[in-house]
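S.K.: Sharing a model prediction with you, sequence too.
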Amino acid sequence: ETKHSIQVSLRGRQAWFSRRPVYAIALAALLALCLGSVLFPARAVPEITNLGPTTNQAGRRRYLTRACVHFSRELVLDDGFSRMTKAELHGALQWHLTELRRVSAAVRLGDDELRIRQGADYRSAEHNA
């Protein structure tokens with residue numbers, strides 16, 4: 001009887017987060033979340049795997065745009081700010097423009113070389129509206 005009363009007293013003083021029903025509920029919630037995360041996005045796996053490379057190339061497109069603006073400014077002003085000759089500026093601008101066209105086409109249409117499997121034009125009907 002004393003042992004039982006001690007166990008009851010200890011169980012009453014036990015913190016809520018260390019009780020067995022709390023663990024059972026947490027385990028059930030975790031299992032439900034795991035099943036939901038597997039079943040729900042299974043239809044969107046191509047979009048999910050495509051998200052990283054698309055975001056990367058979109059950031060690269062922003063950099064290339066700024067570089068083209070910089071090199072164009074240098075060609076027009078010719079003030080020596082970048083310490084490049086006109087031939088070097090022209091070559092750099094041509095390379096950056098070519099890359100910008102390639103990256104923009106990849107983001108819009110997809111490109112296996114840049115690991116974008118599906119472009120934005122085919123992925124989203126709202127994008128084309």
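M.R.: Happy to help now that I have it.
S.K.: What distance do you get for residue 107 to residue 119?
M.R.: In this view, residue 107 and residue 119 are 6 Å apart by Cβ to Cβ, to the nearest Å. Bear in mind the C-beta positions are built from the backbone N, C-alpha and C, glycine included.
S.K.: Which of these two has more residues huddled nearby?
M.R.: residue 107 (22 against 18; other Cβ atoms under 10 Å).
S.K.: Go ahead and report the secondary structure state at the more buried one.
M.R.: helix (DSSP: H, G, I helix; E, B strand; the rest coil).
S.K.: how far away is it from residue 30?
M.R.: Taken as Cβ to Cβ, the span from residue 107 to residue 30 is 37 Å.
S.K.: Could I get the buried residue list for stretch 81-90?
M.R.: residue 89 (16 or more other Cβ atoms under 10 Å).
S.K.: no, scratch that, I was asking about stretch 6-25
M.R.: For stretch 6-25, it's none, nothing buried (16+ other Cβ under 10 Å).
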